[in-house]
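K.L.:
Below is the sequence, then the predicted model.
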Amino acid sequence: MDARPILIAGGGPVGLITALALTRQGLGVHVFEAERRINDSPRAATTHAATLEMLDDLGLIDEVIRRGLVEPRFRTWDRSTGKLVAEFDFGILKNDTRYPFAVQCEQHKLAGMAIERLRAFPQTTVEFSARVTALSQSCDGVEIEVATASGTRAVKGSYLIGADGGRSTVRKSLGIDFEGYTHPERFLIITTTFDISSKFPGCTRNYLSDPEDWCALFKVSGDDGKGLWRVLSSTRLEQTEAELFDSEAVESRLQKFIPKAGPYKVVHRNLYNVHQRVAASFRQGRVFLAGDAAHVNNPLGGLGLNFGIHDAVELSGLLGRVIRGEAAGDILDLYDRQRRPLNIEFVQQQTIANKKRMEEKDPAARAKNFEQLATIAADPAAHRAYLLRSSLLDSARKRAAVFA
Ligand SMILES: Cc1cc2nc3c(=O)[nH]c(=O)nc-3n(C[C@H](O)[C@H](O)[C@H](O)COP(=O)(O)OP(=O)(O)OC[C@H]3O[C@@H](n4cnc5c(N)ncnc54)[C@H](O)[C@@H]3O)c2cc1C
């Protein structure tokens, strides 16, 4: 076996899960993370059935469930009338998966769990404050430049995985286009300690569609397990960060969505650019792209990190087989051939449709959307089919069929 480590740029959840999946096969890995510590800003939490199955295989499932919140349902509301449009229940998938629910587990917890597991394996290193700044490759290896507080050094490895997020240095260094578009508006997440389930009982994942001001309401367990609610909404193009983060503006935004007596206690305000982009290729020679470095999407449906974890599992499986000599190097082509179209078919298409449905302005189209959702929810076969797709079980099965 190749004694050189596999190099990973980026110690976000995808880089760390990839490292864990490789390390558990006995392979040596060196992860380089530019920042001093794990980024704990509020981003992914919703973890779907197909991903939960993979996290089970990686020995993480018990802790993900214990430190997250299990939620079998999600609901779509018409915010302008206050009417429930449809309720979906992953319980209908009880014969399709061991995990017929979503788990709301914040992504920084998942990254921390992976690091914790990696400590038991001496062949793998996770290095913080180490930024990958350049790369080169030959037919039998890769070399990267890493900038640290003590200077820049060169590191050699067998392969390089760029898991360095949407602005990926690895992707840019390879000259790979990030095809797609950026939404003009930004999304704002406000995190509050107020228990929104007092207003929306029985379900901790709620989508409130509205032609002017839609929002999504999610509960996460928080670091202390006491529970926090995230309120995700869109912003207007002319609004600056200072205006959006202003305490009065935040309070009136929350009161508009969920009126209540007394002020809200707000613990975070975060503003995100939102994109729909897919790299023109997920592989160039010995260098691969995974997670947000390869594809980005809007967060409605909670699919981006889920798909990134599927990348991690897929890529580590292929690399393991090649490095152990069980398969020829050309099976690595499958990574790009499979993952790229799957991302477009399952992640890009669904998240674009979800956003359109949330913000639809045309009354006739809104009514049609709602009618369709209600019809799907009321028909068990259609309900199951809809959830197989939105939980990424369909995407995982389509990929598994290639290897069958
Ligand atoms: C508001 C919001 C809500 C979301 N909700 C969900 C959800 O519920 N479910 C879901 O599946 N997805 C969700 N997503 C998407 C999810 O957050 C991302 O898909 C996920 O962060 C991707 O993980 P990653 O490891 O690929 O990239 P990142 O999390 O961006 O991590 C990349 C890491 O690489 C490091 N890095 C960057 N450049 C370098 C370099 N040159 N050298 C070394 N290190 C480098 C960065 O510091 C960072 O730590 C959401 C996103 C947003 C914005």
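P.N.:
Nice, I can see it. Numbering: from 1, shown residues only.
K.L.:
how much space is there between residue 103 and the ligand?
P.N.:
From residue 103 over to the ligand the distance is 11 Å, taken as CB to the nearest ligand atom, to the nearest Å. For every residue, glycine as well, the C-beta is placed using N, CA and C.
K.L.:
nearest residue to that residue other than its sequence neighbours?
P.N.:
residue 68 (4.3 Å; CB to CB, 6 or more residues apart in numbering).
K.L.:
Would you state the predicted confidence (pLDDT) at the one you found?
P.N.:
If you check residue 68, the pLDDT there is 97.
K.L.:
Start at 57, not 1
P.N.:
Happy to do that; since the first residue is 57 now, the last one works out to residue 124.
K.L.:
The stretch 107-256 of the chain against the ligand: which residues are in contact?
P.N.:
Contacts of the stretch 107-256 of the chain with the ligand, taken as CB under 6 Å from any ligand atom, map to 163, 187, 188, 219, 220, 221, 225, 243, 245.
K.L.:
Can whichever helix in the chain runs longest be said to contact the ligand?
P.N.:
Across the chain, the longest stretch assigned as helix under DSSP state H is helix 360-379. Yes - residues of helix 360-379 contacting the ligand under CB under 6 Å from any ligand atom: 360, 361, 362, 364.
K.L.:
got the buried residues for that helix?
P.N.:
Across helix 360-379, burial judged by 16 or more other CB atoms under 10 Å covers 360-376, 378-379.
K.L.:
other SSEs contacting it?
P.N.:
With contacts taken as 3 or more CB pairs under 8 Å, 6 or more residues apart in numbering; DSSP states H and E, helix 360-379 sits against helix 69-79, strand 102-103, helix 105-113, strand 351-352, helix 389-398, helix 449-459.
K.L.:
Please produce CSV containing the residues of helix 360-379 next to the ligand, extended by pLDDT.
P.N.:
Below are these laid out as CSV (pLDDT from 0 to 100):
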residue, pLDDT
360, 98
361, 98
362, 98
364, 98
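K.L.:
sorry, back to before: going by neighbour count, which of the residues of the stretch 107-256 of the chain next to the ligand comes out on top?
P.N.:
residue 219 (31 neighbours; other CB atoms under 10 Å).
K.L.:
For the residue positioned nearest the centre of the chain, which non-adjacent residue is spatially closest?
P.N.:
The centroid of the chain falls nearest to residue 361 when counting by CA atoms, centre = their mean (1.7 Å). Counting by CB to CB, 6+ apart, residue 361 lies nearest to residue 100, which is 3.8 Å off, once chain neighbours are set aside.
K.L.:
Could you do residue 451 as well?
P.N.:
residue 402 (4.1 Å).
K.L.:
quick one: the one you found from the ligand, how far?
P.N.:
Distance from residue 402 to the ligand, by CB to the nearest ligand atom: 12 Å.
K.L.:
same check, this time on residue 116
P.N.:
Distance, residue 116 to the ligand, using CB to the nearest ligand atom: 15 Å.
K.L.:
list the contacts for that residue?
P.N.:
Residue 116 is in contact with 76, 166, 169, 170, 173, counting by CB atoms under 8 Å, 6 or more residues apart in numbering.
K.L.:
Confirm that the last one sits in a strand.
P.N.:
No - per DSSP: H, G, I helix; E, B strand; the rest coil, residue 173 lies outside any strand segment and is helix.
K.L.:
Pull the number of nearby residues for the residue of the stretch 57-206 of the chain found nearest the ligand.
P.N.:
For the stretch 57-206 of the chain and the ligand, the shortest gap (CB to the nearest ligand atom) falls at residue 68, measuring 2.1 Å. Neighbour count for residue 68, taken as other CB under 10 Å: 26.
K.L.:
and if you look at residue 437?
P.N.:
Counted with other CB under 10 Å, residue 437 comes out at 9.
K.L.:
okay if I get the residues of helix 360-379 next to the ligand as JSON lines plus distance to residue 87?
P.N.:
Formatted as JSON lines, the residues of helix 360-379 next to the ligand follow (distance: CB to CB, whole Å):
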{"residue": "360", "distance to residue 87": "20"}
{"residue": "361", "distance to residue 87": "17"}
{"residue": "362", "distance to residue 87": "21"}
{"residue": "364", "distance to residue 87": "15"}
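K.L.:
The host helix or strand of residue 439 near the ligand anywhere?
P.N.:
Using DSSP states H and E, residue 439 maps to helix 436-446. No - Helix 436-446 stays clear of the ligand (CB under 6 Å from any ligand atom), getting no nearer than 11.6 Å.
K.L.:
What are the contacting residues of that helix?
P.N.:
The contact list for helix 436-446 (CB under 8 Å, 6+ apart) reads 104, 144-146, 148-149, 152, 357, 402, 406, 431-433, 450-451.
K.L.:
Now do it against helix 105-113, angle only.
P.N.:
Angle, helix 436-446 to helix 105-113, by axes from the mean of the first three to the mean of the last three CA atoms, to 10 degrees: 60 degrees.
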